[in-house]
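1. next come a sequence and a model predicted from it.
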Amino acid sequence: MIPSMQSLFARHRAFAMVAVLAVVALIGACKESLDSGVACGAAKTLCPGQNVEIRDTVISPSLEFDSTYVGFPTRGAEFLLPLVSVTDTVQTVVVVRFDSLSTFYLPALDTARPIIYVDSSRIRLRIDLTRAQVPDSIRIDLYDVDNGTADDTASAPVLARLKPQFRIGGGTFAKAQIVDSLYVSLKDSAMLAHVRDTMPVTRARLRIGITVSGKGPISFRAGSVESGAPINLFFRPANDTAARALVQSPASAGPSDRADIRRDLMDYMLVVKNTLPTLPGTMSLGGVPGRRVYLRFNLPRRIIDSTTIIRATLRLNQVSYPFGGAGDTIIIHPHVVLASDNVPDNRRASTLIGVTGLVLTDSMAVFPRESGLRTLELYPLVREWASQAALKNPPARAVVLTAGNEGSLPRIAAFYSATASAALRPSVRITYIPKITFGAP
């Protein structure tokens with residue numbers, strides 16, 4: 001007997017209801033617990049991650065080691081050269097070498113002649129006024145800092161010549177004159193003494209030290225060879241207004257056996273005075289010369305290697321630093337340390353770092369005179385550390401903190417270090433969940 005169409009529809013409807021009820025039962029079993037056995041295992045692909053326990057913990061102490069290192073960027077590697085004078089606290093000098101001066105000039109329609117006359121000698125500064133401090137007027141002084149010795153790298157002989165008897169130029173300038181380009185006069189007699197090629201050691205070279213002074217804090221930056229806007233030297237080589245000025249670019253003749261250092265010494269900055277305090281139990285970054293902080297972490301392996309990290313936050317307690325204006329700002333960037341633990345010199349390791357924004361994209365802005373809790377997100381890096389656990393020589397579990405415009409602004413941020421009390425020392429807050437595995441147990 002052939003069943004009627006109506007009875008076929010009734011059977012199909014009953015089948016459908018049974019199937020729906022079976023699926024609902026499976027999903028209900030899965031909702032109860034991730035560990036509900038084979039019943040849930042068959043449908044884990046339908047409902048992974050239900051009722052996952054999220055755990056949160058603050059790890060303190062979290063650091064195996066922390067230290068502040070001073071002297072960044074290295075001498076001669078400055079992208080911008082800081083000219084700073086802050087009362088009796090911080091003062092810098094910018095040194096420019098012109099070790100390849102012209103001793104001949106070429107008149108129009110004539111042969112080359114030795115230079116026996118100099119006029120309109122001056123240097124040109126390209127100025128960056130970003131976050132600058134300039135009072136109503138400032139004094140810029142130029143010194144002959146070449147003592148004629150064979151020692152091409154020492155700082156002390158340069159600093160010893162910042163005295164009135166070695167002053168060879170300068171001037172006083174109103175604030176309105178401190179713009180993107182500034183000419184500073186140089187004594188023609190000093191210029192001529194160097195280009196006439198008569199001096200036994202320093203012939204055909206001139207090394208100039210540049211300082212600033214005035215009432216109130218002064219801080220601005222000059223272009224360098226590295227920035228493509230170096231300090232240039234100009235002079236007219238003849239008593240003829242039609243004679244074109246010669247332009248001399250920075251050049252360094254020593255040391256003769258190190259081309260890399262020779263290039264660095266074309267222009268560079270030295271610190272004349274720095275009496276900024278070091279606060280006990282703290283680490284600091286920023287300032288002139290630049291400071292950076294190296295942090296090596298000691299986080300529990302049971303969390304880092306055996307869980308799924310969903311957030312990791314470095315917590316630092318800032319200390320009010322007694323220097324700088326109320327509106328000064330420091331932007332702090334975290335960098336991934338690329339050196340492994342096989343690099344025993346931590347200062348060296350603090351230079352082997354990733355560029356800003358590599359893996360770690362967070363940053364923070366602080367005011368030096370403020371205090372309180374500050375945070376940086378380290379989640380991507382902590383996840384990387386977990387994935388590197390099986391490597392033979394993994395990178396150190398470390399981070400370097402640097403200040404924006406490192407070494408060119410006299411602003412310092414200080415934070416309590418690992419030697420501080422438990423409530424103030426650095427800590428890491430980690431949010432995580434147990435490792436999730438899929439399939440039937």
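-> Looks like it arrived, so ask away.

2. what's the strand ranked longest in the chain packed up against?
-> As assigned by DSSP state E, the longest strand anywhere in the chain is strand 119-133. Contacts defined by 3 or more CB pairs under 8 Å, 6 or more residues apart in numbering; DSSP states H and E place strand 119-133 against strand 167-174, strand 181-185, helix 188-195, strand 206-213, strand 218-223, strand 232-236. Bear in mind the C-beta positions are built from the backbone N, C-alpha and C, glycine included.

3. centre of the chain versus the fourth one, how much separation?
-> Here the centre of mass of C-alpha atoms in strand 206-213, compared against the chain's by CA atoms, centre = their mean, to the nearest Å, lies 26 Å away.

4. can you check the first one too?
-> Shown here is strand 167-174, whose average C-alpha point lies 32 Å from the average C-alpha point of the whole chain (CA atoms, centre = their mean).

5. likewise the fifth one?
-> Computed by CA atoms, centre = their mean, the separation of strand 218-223 from the middle of its chain amounts to 17 Å.

6. try the last one
-> Averaged C-alpha coordinates place strand 232-236 at 34 Å from its chain's average position (CA atoms, centre = their mean).

7. adjacent strands (with direction) for the helix or strand just after it?
-> Later in the chain than strand 232-236, the nearest helix or strand by DSSP states H and E is strand 246-248. Applying DSSP bridges, strand 246-248 is found paired with strand 232-236 (antiparallel).

8. run the angle between the partner strand and helix 188-195 for me.
-> With axes from the mean of the first three to the mean of the last three CA atoms, to 10 degrees applied, the angle from strand 232-236 to helix 188-195 works out at 100 degrees.

9. count of neighbours near the nearest residue to residue 261 once chain neighbours are set aside?
-> Among residues not flanking residue 261 along the chain, residue 255 sits closest, at 5.9 Å (CB to CB, 6 or more residues apart in numbering). Residue 255: 15 surrounding residues under other CB atoms under 10 Å.

10. next: residue 377.
-> Residue crowding around residue 377 was assessed by other CB under 10 Å; the count is 17.

11. contacts only, for it.
-> Counting by CB atoms under 8 Å, 6 or more residues apart in numbering, residue 377 touches 311-314, 360, 362.

12. let's see which of the residues you listed end up in strands.
-> Among the contacts of residue 377, the members falling in strands (DSSP E) are 311-314.

13. which one of those residues sits closest to residue 130?
-> Using CB to CB, residue 314 is the member of the ones in strands among the contacts of residue 377 that lies nearest residue 130, at 27.8 Å.

14. that closest one against residue 379, yeah?
-> No: using CB atoms under 8 Å, residue 314 makes no contact with residue 379, being 10.2 Å away.

15. more crowded one of these two?
-> Legend: neighbour count by other CB under 10 Å for residue 314 and residue 379, higher for residue 314 (25 against 16).

16. what's the closest non-adjacent residue to the more buried one?
-> Nearest non-adjacent residue to residue 314, counting by CB to CB, 6+ apart: residue 376, 4.5 Å away.

17. buried residues of whichever strand or helix holds that neighbour, list them for me.
-> Per DSSP H and E: residue 376 is located in strand 372-377. Of the residues in strand 372-377, 374, 376-377 count as buried by neighbour count, 16 or more other CB atoms under 10 Å.

18. cool, and stretch 231-241?
-> In stretch 231-241, counting by 16+ other CB under 10 Å, buried: 231-238.

19. pLDDT on the helix or strand following the strand holding residue 376, on average?
-> Moving toward the C-terminus from strand 372-377, the next helix or strand (DSSP H and E) is helix 379-387. For helix 379-387, mean pLDDT is 89.

20. ok so, going back, what's downstream of the longest strand of the chain, the next helix or strand?
-> Using DSSP H and E, the helix or strand that follows strand 119-133 towards the C-terminus is strand 137-144.

21. so how far is that next one from its chain's centroid?
-> That offset, for strand 137-144, works out to 29 Å (CA atoms, centre = their mean).

22. same deal with stretch 350-364?
-> From the chain centre to the centre of stretch 350-364 is a distance of 9 Å (CA atoms, centre = their mean).

23. next, the distance between the ends of that stretch.
-> Using CA to CA, to the nearest Å, the end-to-end distance of stretch 350-364 comes to 20 Å.

24. show me which pair in the contacts of residue 377 is furthest apart.
-> Between any two of the contacts of residue 377, the greatest separation by CB to CB is 13.8 Å, found for 311 and 360.

25. more neighbours, these two?
-> When neighbours are counted by other CB under 10 Å, residue 311 and residue 360 differ, and residue 360 comes out ahead with 21 against 14.

26. which residue is the nearest non-sequential neighbour of that one?
-> residue 334 (4.6 Å).

27. try residue 73
-> Distances taken as CB to CB, 6+ apart put residue 407 closest to residue 73, at 5.2 Å, once the chain neighbours are dropped.

28. just residue 64 next, same as before
-> In space, and not counting its chain neighbours, residue 64 is closest to residue 298: 3.9 Å by CB to CB, 6+ apart.

29. give me every residue that touches the one you found.
-> Contact analysis of residue 298 by CB under 8 Å, 6+ apart lists 61-64, 397.

30. can you redo these as a markdown table with neighbour count?
-> A markdown table is the format used below for those (neighbours: other CB atoms under 10 Å):
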| residue | neighbour count |
| --- | --- |
| 61 | 13 |
| 62 | 20 |
| 63 | 22 |
| 64 | 14 |
| 397 | 19 |
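
31. could you identify the most distant pair in the residues you listed?
-> Greatest spatial distance in those: 61 and 397, 14.0 Å, computed using CB to CB.

32. residue 263 should be in a helix, yeah?
-> Yes: under DSSP: H, G, I helix; E, B strand; the rest coil, residue 263 falls within a helix.

33. local confidence estimate at it?
-> Confidence for residue 263, expressed as pLDDT, is 95.

34. again with the one 10 residues further on
-> According to the per-residue confidence, residue 273 scores 93 in pLDDT.

35. separation between it and residue 180?
-> According to CB to CB, to the nearest Å, residue 273 stands 28 Å off from residue 180.

36. residue 350 too?
-> 34 Å.

37. rewinding a little: can you add distance to residue 289 and give the buried residues of strand 372-377 back as a markdown table?
-> Formatted as a markdown table, the buried residues of strand 372-377 follow (distance: CB to CB, whole Å):
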| residue | distance to residue 289 |
| --- | --- |
| 374 | 23 |
| 376 | 24 |
| 377 | 29 |
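
38. nearest to residue 251, of these?
-> Using CB to CB, residue 376 is the member of the buried residues of strand 372-377 that sits closest to residue 251, with 42.7 Å.

39. which ones are touching that closest one?
-> Listed by CB under 8 Å, 6+ apart, the contact set of residue 376 reads 313-314, 316, 332, 334, 360, 362-364.

40. which among those residues gets closest to residue 149?
-> Nearest to residue 149, judged by CB to CB, of the contacts of residue 376 is residue 332 at 41.0 Å.
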